[in-house]
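**Student:** Give the three-dimensional model of this entry:
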Amino acid sequence: MIAHEAHFVGHLIKSTVIGAAGGLVFAASLVTFDVAGIGTLLSTATSKALILALVLGGSATKGAAFGFAFSVAGSSRKQRVSRPAYAPVLATEAS
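**Tutor:** Below is the predicted model:
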(Lines give C-alpha, C1' and ligand atoms only; values in the text may rest on other atoms or scores of the structure.)
Protein backbone atom coordinates (compact mmCIF):
# COMPACT_ATOMS: atom_id res chain seq x y z
CA MET A 1 0.00 0.00 0.00
CA ILE A 2 1.31 3.43 -0.91
CA ALA A 3 1.96 5.86 1.98
CA HIS A 4 -0.82 8.29 1.07
CA GLU A 5 -3.28 5.40 0.72
CA ALA A 6 -2.40 4.18 4.21
CA HIS A 7 -2.95 7.71 5.56
CA PHE A 8 -6.31 7.93 3.77
CA VAL A 9 -7.48 4.53 5.04
CA GLY A 10 -6.40 5.47 8.57
CA HIS A 11 -8.36 8.72 8.29
CA LEU A 12 -11.49 6.86 7.13
CA ILE A 13 -11.23 4.28 9.91
CA LYS A 14 -10.77 7.02 12.52
CA SER A 15 -13.80 8.90 11.18
CA THR A 16 -15.89 5.73 11.12
CA VAL A 17 -15.03 4.91 14.74
CA ILE A 18 -15.81 8.49 15.83
CA GLY A 19 -19.14 8.30 13.98
CA ALA A 20 -19.98 4.97 15.61
CA ALA A 21 -19.21 6.42 19.04
CA GLY A 22 -21.46 9.37 18.24
CA GLY A 23 -24.22 6.97 17.23
CA LEU A 24 -23.86 5.10 20.51
CA VAL A 25 -24.04 8.34 22.49
CA PHE A 26 -27.14 9.33 20.53
CA ALA A 27 -28.80 5.95 21.20
CA ALA A 28 -27.91 6.11 24.88
CA SER A 29 -29.49 9.56 25.13
CA LEU A 30 -32.65 8.27 23.41
CA VAL A 31 -32.95 5.47 25.95
CA THR A 32 -32.07 7.73 28.90
CA PHE A 33 -34.55 10.47 28.04
CA ASP A 34 -37.21 7.93 26.95
CA VAL A 35 -37.74 9.48 23.53
CA ALA A 36 -40.65 7.81 21.71
CA GLY A 37 -41.00 5.34 24.59
CA ILE A 38 -37.75 3.49 23.85
CA GLY A 39 -36.69 3.53 27.50
CA THR A 40 -40.11 2.25 28.59
CA LEU A 41 -39.96 -0.46 25.94
CA LEU A 42 -36.55 -1.51 27.21
CA SER A 43 -37.58 -1.52 30.87
CA THR A 44 -40.73 -3.61 30.29
CA ALA A 45 -39.33 -6.03 27.70
CA THR A 46 -38.73 -9.67 28.52
CA SER A 47 -35.59 -9.77 26.36
CA LYS A 48 -33.79 -6.58 27.39
CA ALA A 49 -30.46 -7.63 25.91
CA LEU A 50 -31.96 -8.20 22.46
CA ILE A 51 -33.73 -4.84 22.31
CA LEU A 52 -30.69 -3.01 23.69
CA ALA A 53 -28.46 -4.70 21.10
CA LEU A 54 -30.85 -3.74 18.31
CA VAL A 55 -31.05 -0.10 19.40
CA LEU A 56 -27.34 0.34 20.08
CA GLY A 57 -26.19 -1.75 17.13
CA GLY A 58 -28.39 0.07 14.67
CA SER A 59 -27.35 3.45 15.98
CA ALA A 60 -23.65 2.55 15.90
CA THR A 61 -23.98 1.37 12.30
CA LYS A 62 -25.77 4.54 11.21
CA GLY A 63 -23.27 6.69 13.10
CA ALA A 64 -20.37 4.89 11.42
CA ALA A 65 -21.94 5.47 8.01
CA PHE A 66 -22.44 9.17 8.73
CA GLY A 67 -18.88 9.51 10.05
CA PHE A 68 -17.50 7.85 6.94
CA ALA A 69 -19.64 9.99 4.62
CA PHE A 70 -18.71 13.25 6.32
CA SER A 71 -15.02 12.38 6.27
CA VAL A 72 -15.13 11.73 2.53
CA ALA A 73 -17.27 14.76 1.74
CA GLY A 74 -15.45 17.20 3.99
CA SER A 75 -11.81 16.67 3.20
CA SER A 76 -9.49 19.35 4.48
CA ARG A 77 -8.24 22.24 2.36
CA LYS A 78 -4.72 20.83 2.33
CA GLN A 79 -5.93 17.55 0.84
CA ARG A 80 -7.95 19.37 -1.84
CA VAL A 81 -4.99 21.47 -2.93
CA SER A 82 -2.61 18.51 -3.15
CA ARG A 83 -4.81 16.57 -5.57
CA PRO A 84 -3.67 16.59 -9.19
CA ALA A 85 -5.55 19.09 -11.30
CA TYR A 86 -7.46 17.76 -14.25
CA ALA A 87 -6.84 19.30 -17.64
CA PRO A 88 -9.76 21.38 -18.79
CA VAL A 89 -11.84 19.89 -21.55
CA LEU A 90 -11.71 22.03 -24.67
CA ALA A 91 -14.97 22.34 -26.53
CA THR A 92 -14.68 21.73 -30.22
CA GLU A 93 -17.30 22.63 -32.75
CA ALA A 94 -18.67 19.87 -34.85
CA SER A 95 -18.53 20.75 -38.52
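
**Student:** low-confidence ranges in the chain?
**Tutor:** The chain contains residues with pLDDT under 70 at 1, 75-95.

**Student:** Can you show me the helices along it?
**Tutor:** 3-32, 38-44, 48-73, 77-82 (DSSP state H).

**Student:** These into a markdown table, with extra columns for mean neighbour count?
**Tutor:** Every C-beta, even on glycine, is put in place using the N, C-alpha and C of the backbone. Converted to a markdown table, those look like this (neighbours: other CB atoms under 10 Å):
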| stretch | mean neighbour count |
| --- | --- |
| helix 3-32 | 15 |
| helix 38-44 | 13 |
| helix 48-73 | 15 |
| helix 77-82 | 8 |
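
**Student:** Residue 53 and residue 14: what is the separation?
**Tutor:** In this view, residue 53 and residue 14 are 25 Å apart by CB to CB, to the nearest Å.

**Student:** Over to residue 58?
**Tutor:** 22 Å.

**Student:** again, but for residue 34
**Tutor:** 33 Å.

**Student:** ok, now residue 54?
**Tutor:** Counting by CB to CB - residue 54 and residue 14 are separated by 26 Å.

**Student:** give me every residue that touches residue 11.
**Tutor:** residue 71 (CB atoms under 8 Å, 6 or more residues apart in numbering).

**Student:** let's number from 494 now, not from 1
**Tutor:** Okay, residue one is now 494; in that scheme the one you just asked about reads as residue 504.

**Student:** ok, it to residue 540 distance?
**Tutor:** Taken as CB to CB, the span from residue 504 to residue 540 is 39 Å.

**Student:** cool, and residue 500?
**Tutor:** Residue 500 is 44 Å from residue 540, where distance means CB to CB.
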